Structure formats: C-alpha cells, structure tokens
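J.: when you get a sec, could you give me coordinates for this:
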Amino acid sequence: MAWLPGCFLCRFLLGWVGWSAPGLAVEVKVPSEPLSAPVGKTAELTCSYSTSVGDNFALEWSFVQPGKPVSMSQPILYFTNGQLYPTGSKAERASLLQNPPTGGVATLKLTDVRPSDAGTYLCHVNNPPDFYTNGLGLINLTVLDEVSGQLILTNLSLASSGTYRCVATNQMGSASCELTLSVTDPSKGRVAGTVIGVLLGVLFLSVAVFCLIRFQKERRKRPKETFGGSDLREDAVAPGVSEQPLESEDSSNGLLERPSSASTVTTKSKLPMVV
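T.: Numbers count the residues shown, from 1 in each chain. Coordinates of the predicted model:
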C-alpha cells in the first residue's frame, strides 16, 4: 500500500497546478435574478465567461421547460470550429449578441418571445484543456402574458362624469392610462330633437308654398286659345242647315227608314220662287 502516498501527492500537485496556472479554468457569469420579457418582444439572456479561448473552444445554449431536470434540456444553438449552428424549435428566433462569441460575451437573443419560451436556459462554455470547472450558467426566464381589463358602468348619471385612470403594475414596471367620460342630460337631447323636427317641418312647408306660388304664376303666363271670324271648325253647322236627318216612312212595312247617309241635310233657299 506504499503507492497511496505517491498517488495522493500526484493528484495534489496536478490540482494545485490547475488552479494556480492562469487560463486553466472556465468561469461563467449569468444574472442571479430571473429575467422577464413580455410576449412578442425580444429577450436578451446575458452570459459572459473568462478563459483563454483556444482552437477547441465551444459554446452551447440549451433550454429546459419548468419543472423538468437539467438533464432533459434541449439544444438551441452551438458554436464550434468558428461556426454557429442554430437547432431545435427556437432556431429561427435565436441568435448571439456577438458572433463569434470569442470575446468573453455569449449573450443569447430570443426574438418574438412566446409563452412556451418560459423556462430555464443553460449557457455552457467548453474550452479544453480547461476541465476544472463545469463552465455552466443557468438563467430562468419568465414570459409575461398580455392581460386586458374592462370597466363597465351601468345606470349612468351626471355624477358619473369625470376622469377615469387605469394603472397596471408587475415586475417589469408600471403603466397607466386615463379616459374622460362626459354624461349629458337625456332631457336636453329630447328638446334638441323636437326643435330639429319643427325646423325641418317649417322648411318643408316653405318649399311646398314656394312651389305652389310658382306654379300659379307659370299658369297665368300661358296664352288663351281664341278663334277668329274666318276660322272654320270641323263641328260647325252652316247657316240654314238643319242637323236633323230626314226620315221616310215605308208604306209597305210601316217602319221608319233612316237615309243611308247620316250626313244628308236639307237646305232651304231664301230666293223667291217664280210661277
């Protein structure tokens, strides 16, 4: 069992060299407080690290839903060999604040935040041969849903008039809005409607009277029909002409016979007869 002290000494010396030598440990820093982001906005998950970046430097961002262990995390993006590889369901909305992330900043940007983005995000920096820390940081993200409020007022009266103020407060801060409400007397509205109705009636009556007067004037200006002494009418009867048709008695049948032409007339002459 003489080998035990020697083995123990080797481990001690190796560990002392690793912790004392600069650049042999990866240190990752993330916010200690949970982050919050409203729906539809962009969330920045801050992550920084300190190490001597080498050819084997690699960065990984992953995500795990609330209530699940870190071992069930799903990858979001990788950076290795100088290339960035987004992956998973958040690939189209995930990017790095600095690309390449070799300057000590590994912050993740997530656009169009959704309720399903709430959970724990893992920032993992790997830089062999720095094996003396895990190089892991955890960030909890809370997504704030949009909530609307509505105030309903019933049985409004003149006392309901005034300025109403709505205030909303959460961990992101506070916001407020104001609305001015003016309630009018219903009786004034009825009086105004009656006045408008009377005015419209008077206007309609005035227009009707004007049209009637104008029609009478136009009628009086029209010329009357006159007949001259030399004008002949189709239905005029010549002097001395009788309009009664001649009737003859048929001796054979005892009936009165009307002349064939209804226009047959009997003329009387006023000239003296010579015997």
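J.: from now on I want contacts and neighbour counts done on CA atoms only, so please keep to that.
T.: Noted.
J.: which SSE is Val209 in?
T.: helix 186-221 (DSSP states H and E).
J.: buried sites along that helix?
T.: Across helix 186-221, burial judged by 16 or more other CA atoms under 10 Å covers no residue at all.
J.: now stretch 115-133
T.: Of the residues in stretch 115-133, those buried (16+ other CA under 10 Å) are 117-128, 130.
J.: dump those residues into JSON lines; add distance to Lys68, secondary structure and pLDDT as well.
T.: Converted to JSON lines, these look like this (distance: CA to CA, whole Å; DSSP: H, G, I helix; E, B strand; the rest coil; pLDDT from 0 to 100):
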{"residue": "Asp117", "distance to Lys68": "14", "secondary structure": "helix", "pLDDT": "95"}
{"residue": "Ala118", "distance to Lys68": "12", "secondary structure": "coil", "pLDDT": "95"}
{"residue": "Gly119", "distance to Lys68": "9", "secondary structure": "strand", "pLDDT": "95"}
{"residue": "Thr120", "distance to Lys68": "9", "secondary structure": "strand", "pLDDT": "96"}
{"residue": "Tyr121", "distance to Lys68": "12", "secondary structure": "strand", "pLDDT": "97"}
{"residue": "Leu122", "distance to Lys68": "13", "secondary structure": "strand", "pLDDT": "96"}
{"residue": "Cys123", "distance to Lys68": "17", "secondary structure": "strand", "pLDDT": "96"}
{"residue": "His124", "distance to Lys68": "18", "secondary structure": "strand", "pLDDT": "94"}
{"residue": "Val125", "distance to Lys68": "22", "secondary structure": "strand", "pLDDT": "92"}
{"residue": "Asn126", "distance to Lys68": "24", "secondary structure": "strand", "pLDDT": "89"}
{"residue": "Asn127", "distance to Lys68": "27", "secondary structure": "strand", "pLDDT": "86"}
{"residue": "Pro128", "distance to Lys68": "29", "secondary structure": "coil", "pLDDT": "83"}
{"residue": "Asp130", "distance to Lys68": "29", "secondary structure": "strand", "pLDDT": "75"}
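J.: tabulate those (TSV), appending distance to Thr184.
T.: Output for these, formatted as TSV (distance: CA to CA, whole Å):
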residue	distance to Thr184
Asp117	49
Ala118	49
Gly119	52
Thr120	55
Tyr121	57
Leu122	60
Cys123	62
His124	65
Val125	68
Asn126	71
Asn127	74
Pro128	78
Asp130	77
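J.: show me what contacts Glu33?
T.: Glu33 is in contact with Asn140, counting by CA atoms under 8 Å, 6 or more residues apart in numbering.
J.: assign a three-state SS to it, would you?
T.: Under DSSP: H, G, I helix; E, B strand; the rest coil, Glu33 falls in the coil class.
J.: same question, Val113
T.: Going by three-state DSSP: Val113 is coil.
J.: torsion angles phi and psi at it?
T.: Reported as degrees, to the nearest 10, the phi and psi values for Val113 are phi -60, psi 140.
J.: can you give me the neighbour number for Ala106?
T.: 28 (other CA atoms under 10 Å).
J.: just the pLDDT for it.
T.: For Ala106, the pLDDT comes out at 95.
J.: can you name the residues bridging to Leu45?
T.: Taking DSSP bridges as the rule, Leu45 bridges to Leu108.
J.: ok, now which ones touch it?
T.: Contacts of Leu45 by CA under 8 Å, 6+ apart are Leu35, Thr107, Leu108, Lys109, Ile139.
J.: OK, contacts around the closest residue to the fourth one other than its chain neighbours?
T.: Distance criterion CA to CA, 6 or more residues apart in numbering; nearest residue to Lys109, sequence neighbours excluded, is Glu44 at 4.7 Å. Residues counted as contacts of Glu44 (CA under 8 Å, 6+ apart) are Thr107, Leu108, Lys109, Leu110.
J.: same check on Gly82?
T.: So Gly82 contacts Pro100 (CA under 8 Å, 6+ apart).
J.: how close does it get to Asp55?
T.: Distance from Gly82 to Asp55, counting by CA to CA, to the nearest Å: 9 Å.
J.: which SSE is immediately downstream of the helix or strand of the chain with the lowest mean pLDDT?
T.: Every helix and strand of the chain was ranked by mean pLDDT, DSSP states H and E. The lowest is helix 3-20, at a mean of 39. Remark: after helix 3-20, the chain's next helix or strand is strand 27-29, criterion DSSP H and E.
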